[in-house]
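Chemist: need a 3D model of the following:
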Amino acid sequence: MTEPLSLPLLQMQLDHLVPGQGLHLPTSEVERMFGHDDVANGRIRNFAEGHGCMFAWSGSGVQFVKLPRGER
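Modeler: Reported below is the predicted structural model:
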């Protein structure tokens, strides 16, 4: 059985992305890590921006994409 994804592990994964590369996080993991309330989007945005990424919701979760340095 694999360990559940943690914020430090997600941070490491986002930090290792190259510009344009993405990482998908399923809805269940997003809700477990960031919550499911009216401020969850803000927490996700702050986390993404703190690691040089943007994020967008999809039908199955959140897609993080690493931004080029000039756009961070």
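
Chemist: give me the sheet partners of the helix or strand where L25 lies and which way each runs.
Modeler: Element membership for L25, per DSSP states H and E: strand 22-26. Its sheet considered, strand 22-26 pairs with strand 61-66 (antiparallel) by DSSP bridges.

Chemist: rewinding a little: and the following helix or strand past the strand holding L25, what's buried?
Modeler: Per DSSP H and E, the first helix or strand lying C-terminal to strand 22-26 is helix 27-34. The neighbour-count check on helix 27-34 (16 or more other C-beta atoms under 10 Å) flags 30, 33-34 as buried. Glycine gets a C-beta too; all of them are placed from N, C-alpha and C.

Chemist: tilt between the very next helix or strand once past helix 27-34 and strand 22-26?
Modeler: Moving toward the C-terminus from helix 27-34, the next helix or strand (DSSP H and E) is helix 40-50. Angle, helix 40-50 to strand 22-26, by axes from the mean of the first three to the mean of the last three C-alpha atoms, to 10 degrees: 150 degrees.

Chemist: pLDDT of the next helix or strand after helix 40-50, averaged?
Modeler: Later in the chain than helix 40-50, the nearest helix or strand by DSSP H and E is strand 53-58. Averaging pLDDT along strand 53-58 gives 97.

Chemist: and for stretch 8-24?
Modeler: 97.

Chemist: thinking again about what came up before, now the strand holding L25 against strand 53-58, angle please.
Modeler: 40 degrees.

Chemist: ok, and what's touching strand 22-26?
Modeler: Defining contact as C-beta atoms under 8 Å, 6 or more residues apart in numbering, one finds that strand 22-26 is touched by 5, 10, 13-14, 17, 33, 58, 60-66.
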